[in-house]
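> one predicted model, sequence on top.
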Amino acid sequence: MSAAHRAARTSSESGPLGGRLVLIAGATSASGEAVARALVRAGATVLAVGTRQEALDRLAAAVPGVDVRACDLADRDAVAELAMRIHLKFGPVDGVVHLVGGWRGGGGIDGQSDADWDFLERGFRTLRNVSRVFFDDLVASPTGRFAIVSSTAVDKPYAGGANYAAAKAAADAWTRAVAQGLSKQAPQSAATVFVVKTLEGLEDELGAAVVRLWEVDAADVNGRRLPLEAARMDG
Ligand SMILES: NC(=O)c1ccc[n+]([C@@H]2O[C@H](COP(=O)([O-])OP(=O)(O)OC[C@H]3O[C@@H](n4cnc5c(N)ncnc54)[C@H](OP(=O)(O)O)[C@@H]3O)[C@@H](O)[C@H]2O)c1
């Protein structure tokens, strides 16, 4: 069933990512829209996920061809149900671009609130859920790709952003653990961490960098932390 879905996709779509099914987890920000547009242009079938239906509707109008799905990715059961529906309609995914994040800061270490930590940890939980539920798809894909956007704050944390830096460090390490799992089970697949200080103005670079993940060998990007600004200069 899954292989048949994939074969049908491959024969019906053209472009470098023709036949590839890519899930964008947290797709309604400016960066999500840019990544969706780049993937659609490259020929991928794109599934865009967020929690707000009106934001998803706006995305679907802005990027024709994108299939939008409302799901709270912090809820593991909801992610499992989402995966079941995707598998039934499209087959297994070939890529996951995880963009749920958000920023919270406070005054110094004693200003790092529990409420802010809970918010940031929730974003990390969405990453754990999505990667655990879709890991087998990435293993089975002929070219599985998994990507997140981390922050320069991981390497240079500030006291006022300690909660944020800790949450991004967790996401960064988790994704490189996914990479290690892929290197053992599926060397044709890769998990990559893009690193950026701010995404503002770099949304299209992110879209191009995501598409490029499919244009290089998995071994060249698996487990790598790639500065997004450098991707622009190389590109
Ligand atoms: N923005 C920056 O300058 C910057 C800098 C460094 C790293 N990053 C990282 O880059 C990534 C993208 O950042 P961004 O600023 O473009 O977007 P963002 O504001 O961090 O992410 C928002 C997206 O996640 C969705 N989302 C939030 N909670 C969700 C949930 N429980 N289930 C499903 N979707 C959920 C939102 O849609 P709904 O509201 O509809 O749920 C929205 O589409 C993040 O990982 C961020 O940490 C960003």
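Cool, the structure landed.
> where do the strands sit along the protein?
Along the chain, counting by DSSP state E, strands occupy 21-25, 45-50, 67-70, 95-98, 145-151, 190-196, 225-227.
> can you tell me which of those is most buried?
strand 95-98 (a mean of 27; mean count of other C-beta atoms under 10 Å). Yep, even glycine has a C-beta here, placed from its N, CA and C like the rest.
> so which of the strands of the chain is nearest P157?
Closest approach to P157 among these is made by strand 145-151 (9.2 Å; C-beta to C-beta).
> the closest one vs strand 190-196, what angle?
20 degrees (axes from the mean of the first three to the mean of the last three C-alpha atoms, to 10 degrees).
> strand 145-151 close to the ligand?
Yes. Shown here: strand 145-151 in contact with the ligand (C-beta under 6 Å from any ligand atom) through V149, S151.
> where in this protein is pLDDT low?
Across the chain, the ranges flagged by pLDDT under 70 are 1-4, 6-13, 230-235.
> nearest to G207, of the strands of the chain?
strand 95-98 (9.5 Å).
> tell me what that closest one is packed against?
strand 21-25, helix 114-140, strand 145-151 (3 or more C-beta pairs under 8 Å, 6 or more residues apart in numbering; DSSP states H and E).
> so that strand, near the ligand or not?
No. Contact of strand 95-98 with the ligand (C-beta under 6 Å from any ligand atom) is absent, the minimum separation being 6.8 Å.
> how about the helices of this protein, start to end?
Counting by DSSP state H, the chain has these helices, from start to end: 2-12, 30-41, 53-62, 76-89, 114-140, 162-185, 203-212, 218-221, 228-234.
> this completes my enquiry, with thanks.
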